[in-house]
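# Got a sequence here, can you build the structure:
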Amino acid sequence: MTNKDYSKWTKEQLAEEVKWLRKRKKYGLVWEDKPEDVVELCKTELPVLKEVKNKAITKGKNGPVNILIEGDNYHALSVLNYTHKGKIDVIYIDPPYNTGAKDWKYNNDFVDINDGYRHSKWLSMMNTRLALAKKLLKRDGVLICTIDDNEQAHLGTLLEELFPDYEIHCITIVHNPRGIQGKNFSYTHEYAFFVFRNGLKVIRQRKIETDDIDWRNLRDNGGGSLRTDAKNCFYPVVVKGGKIVDFGDVAPSNFHPKKQTVRKGPLSFVFPVDRRGIERKWRYARQSVETVAHLLRAKQTETGYEIEIGKDFGTVRTVWQDSRHDANEWGTKLVHALVPKTSFDFPKSLWNTYDCLAPIISARKNAIVLDYFAGSGTTGHAVFVLNKLNGSDGGERQFILCTNNENNIATDVCYPRIKAVIDGHKDYRDITGIPSNLIYFRTAFVGAEPNDKNKEALTKQATEMLCMREETFELVKEAGTVKIFKNSKQHTGIVFDEDAIPALKKEIAKIGGAWSVYIFSLGDDTFEDEFEDMKQKITVAPIPEAILRVYRRLFKS
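Take a look at the predicted model:
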């Protein structure tokens, strides 16, 4: 789509335009790229983070530190390209759906249905952020992006272009069973794209609700199902009061039960004998049947019991229809209860997000989940609940949420909700009251011109970024031009004047353990030779050059 008026162009200009048009791709998604102010800003100013200390929450003892970043997500993603490149297990985003209802801004103006470039602006916004986000994923990382019909087709094509070596699956989720009335149809669903590298198994089987379990007889049938085919598979299953209570020993080869269910007082001994009296075998040998005992049930018949095995996990299906995905019940009502004064519209169902994340990170006890369209904080809430419901695995899954403060959404909705989930709520005890840690940052800027003054300023402003990169947030010592932080596994030393290196080395020798050291340099000096005599495991990097190297790559255009 273009509104260019060619009537006033010179022959030379038209020739250049033709040359440019011939270079444009002839197949795929094409849109009129609209430069974005927040992207252009990074040509003159570089993003950093500043902690808002009075919003820190420390209720998780020695658990992981979750992050909430207030600011434009383009700037937040730029910072994360230094601190978290290749570290993210799942990126879950619920971007503006571009309905034309003035629900998002582009270059400080609301985009409405009358904007002839609204689809181009949306695609430009998504393209720049997805390109940054892709670099953050682990090799087995997964991107999940929810969307509705307004941009679903465009988003799918954009993902195909940005992730050419990835599988892309589009899931349909019924999130509004009452429906949203359109001109011809009532819309009850939305979509979730799952994107991950080709050939990987990253989606675990899901837990099946009791009513949907597929039951089958534990007794084997068909070829190779006779008792003589596996002697260890012929034994009694003991039933009492309709429930399985034990498993008997393998029956001697000369023992032949007169019928399938043999009653002895309150106990019933069920053998794998079919209706014709043929002795068959159970699907599991006696030595292994107890490992599936939780999947078995006794089903009463006219003559006794049949023993059935149920499949309580199944492959995730591509259409989800469950009352827990209702955005009103588990979105709006929940958020308004946790943050009573909010007027936030259309929050995601907690369980919608939970069910997207669970098949991926239930088995990843230390997963990091990123949501850079955090909104009301549903993704953070879902990660907390995953830790709580999987508490027996000792998991310390953590999140990074990024949101602007348009209409005070960061300060008055997202942060209060996360705090309420940590503190607990009387009406939602099962999904709140989850002791955790949180650090709140805001984006800030330093000059991008590569002069000594700006390099010094970036170094002074980089402390929070370095702590995020190393996950060392506890201040151990601050003396002169040296700062030391730690977590349970390592220390981080920051030296703002190379003359202070000997002082830091004394601290390293005294404290011991693993260290990451960052030293200010106007050039690209590594200072590794300064630590060759140290016995500890030490990695050394110059600042701000290590940060500038990332930013030069991101903002080179």
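
# tell me how far stretch 263-272 is from the chain's mean position?
Remark: stretch 263-272 is offset 50 Å from the chain centroid, using C-alpha atoms, centre = their mean, to the nearest Å.

# In that stretch, which of the residues would be classed as buried?
Within stretch 263-272, the residues that count as buried by 16 or more other C-beta atoms under 10 Å are 268, 269, 270, 271, 272. Every C-beta, even on glycine, is put in place using the N, C-alpha and C of the backbone.

# Pretty sure the third one sits against residue 304.
Think residue 270. Yes - contact criterion C-beta atoms under 8 Å: residue 270 and residue 304 qualify, at 6.5 Å.

# Between those two, which contacts overlap?
260, 261 (C-beta atoms under 8 Å, 6 or more residues apart in numbering).

# Which strand residues bridge the nearest residue to residue 225 once chain neighbours are set aside?
Distances taken as C-beta to C-beta, 6 or more residues apart in numbering place residue 280 nearest to residue 225, at 5.0 Å, with adjacent residues excluded. When assigned by DSSP bridges, residue 280 has beta-bridge partners residue 226.

# residue contacts, residue 280?
219, 220, 221, 225, 226, 227, 272, 273, 274.

# Who wins on neighbours among these?
Most neighbours among the contacts of residue 280, by other C-beta atoms under 10 Å: residue 272, with 26 neighbours.

# who does the strand or helix carrying residue 244 touch, helix- and strand-wise?
Per DSSP states H and E, residue 244 falls inside strand 243-247. Identification of packing neighbours for strand 243-247 by 3 or more C-beta pairs under 8 Å, 6 or more residues apart in numbering; DSSP states H and E yields strand 237-240, strand 296-300.

# Neighbouring strands - and their directions - for it?
With DSSP bridges as the test, strand 243-247 is paired with strand 237-240 (antiparallel).

# Without its sequence neighbours, what residue ends up closest to residue 416?
Residue 416 sits nearest to residue 339 (C-beta to C-beta, 6+ apart), 4.7 Å away.

# quick one: contacts for the one you found?
Residue 339 touches 376, 412, 413, 416, 417, 420, counting by C-beta under 8 Å, 6+ apart.

# what's the helix or strand the fourth one falls within packed up against?
Under DSSP H and E, the secondary-structure element containing residue 416 is helix 415-423. If you count contacts as 3+ C-beta pairs under 8 Å, 6+ apart, helix 415-423 packs onto strand 57-58, strand 65-70, helix 333-338, helix 378-389, strand 437-447.

# Output these as JSON lines; include the columns mean pLDDT and distance to residue 404.
Shown next, in JSON lines, are these (pLDDT from 0 to 100; distance: least, C-beta to C-beta, whole Å):
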{"stretch": "strand 57-58", "mean pLDDT": "96", "distance to residue 404": "21"}
{"stretch": "strand 65-70", "mean pLDDT": "98", "distance to residue 404": "7"}
{"stretch": "helix 333-338", "mean pLDDT": "96", "distance to residue 404": "18"}
{"stretch": "helix 378-389", "mean pLDDT": "95", "distance to residue 404": "16"}
{"stretch": "strand 437-447", "mean pLDDT": "97", "distance to residue 404": "9"}
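
# In TSV, list these along with distance to residue 13 and mean neighbour count.
Formatted as TSV, these follow (distance: least, C-beta to C-beta, whole Å; neighbours: other C-beta atoms under 10 Å):
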stretch	distance to residue 13	mean neighbour count
strand 57-58	58	16
strand 65-70	44	24
helix 333-338	53	20
helix 378-389	48	25
strand 437-447	36	19
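
# for those, which one sits closest to residue 369?
Residue 369 sits nearest to helix 378-389 of all the helices and strands packed on helix 415-423, at 5.3 Å, using C-beta to C-beta.

# Would you mind listing the outside residues contacting the closest one?
Under C-beta under 8 Å, 6+ apart, the answer for helix 378-389 is 66, 68, 92, 94, 331, 347-350, 353-354, 357-358, 361-362, 369, 371, 374, 395-399, 401, 414, 417-418, 421-422, 431, 434, 436.

# The same query, at a cut-off of 7 Å, please.
Helix 378-389 is contacted from outside by 66, 92, 347-348, 350, 353-354, 357-358, 361-362, 369, 371, 395, 397-399, 401, 417-418, 421, 431, 434, 436, using C-beta atoms under 7 Å, 6 or more residues apart in numbering.

# Following element in sequence after it, please.
strand 398-403.

# Show me what that following strand pairs with in its sheet, parallel or antiparallel.
According to DSSP bridges, strand 398-403 forms sheet pairs with strand 65-70 (parallel), strand 368-371 (parallel).

# Centre of the chain to the last one, how far?
Put plainly, it is strand 368-371. Distance of strand 368-371 from its chain centroid, counting by C-alpha atoms, centre = their mean, is 4 Å.

# Okay, domains of this structure per the record?
Domains of the chain are assigned by automatic domain parsing as 42-203+317-443, 214-311, 460-555.

# can you put these in CSV and add distance to residue 454?
Output for the domains of the chain, formatted as CSV (distance: least, C-beta to C-beta, whole Å):
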stretch, distance to residue 454
domain 42-203+317-443, 8
domain 214-311, 61
domain 460-555, 9
